[in-house]
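In: Build me a structure from this.
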Amino acid sequence: MFAPHHELRSAVVPADSSASEDVGSRAGPLRQLAWAALMKRVFAIDVLVCDTCGGAMRILAVLPDGDASRAILQHLGLPTEPPDPRALAPPPPWFDGT
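Out: Now for the predicted structure:
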């Protein structure tokens, strides 16, 4: 009954579900949720709230090009290479290594 074209779908799915949508969702052809809304829904964390001050954050840019990201990191004096995989966090004290 939950399939998109099932004949009884209208009996179990509200006709106007736009009022119950999360903040941060967007209406599209597939009614996809924005990534921030998905993180909040799945992991119960709001990735757009600052951990330090609790203020609202917003996305300034998306940088799919590695060269642009590298240039910004260099300008800020931050590392441009990923950490060595062997430099992982130490195991918890209860872990015996087996």
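In: Pull the distance from stretch 85-98 to the chain's centre.
Out: Computed by Cα atoms, centre = their mean, to the nearest Å, the chain-centroid distance of stretch 85-98 equals 27 Å.
In: Going by contacts, tell me the helices and strands next to the helix or strand of the chain at the bottom of the mean pLDDT ranking.
Out: Across the helices and strands of the chain, the lowest-confidence element by mean pLDDT, DSSP states H and E is helix 9-12, at a mean of 81. Using 3 or more Cβ pairs under 8 Å, 6 or more residues apart in numbering; DSSP states H and E as the contact definition, helix 9-12 packs against no other helix or strand. In short, each C-beta sits where N, CA and C put it, glycine included.
In: after it comes which helix or strand?
Out: Remark: after helix 9-12, the chain's next helix or strand is helix 35-43, criterion DSSP states H and E.
In: Render the CA-only coordinates of that next one in PDB, please.
Out: What follows is helix 35-43, C-alpha atoms only, in PDB (Å, rounded to 0.1, in the frame of the first residue of the first chain):
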ATOM      1  CA  TRP A  35      21.700  16.700   3.500                       C
ATOM      2  CA  ALA A  36      21.400  18.700   6.700                       C
ATOM      3  CA  ALA A  37      17.800  17.600   7.200                       C
ATOM      4  CA  LEU A  38      18.900  14.000   6.600                       C
ATOM      5  CA  MET A  39      21.700  14.200   9.100                       C
ATOM      6  CA  LYS A  40      19.200  15.600  11.700                       C
ATOM      7  CA  ARG A  41      16.700  12.900  10.900                       C
ATOM      8  CA  VAL A  42      19.100   9.900  10.900                       C
ATOM      9  CA  PHE A  43      21.700  10.900  13.500                       C
END
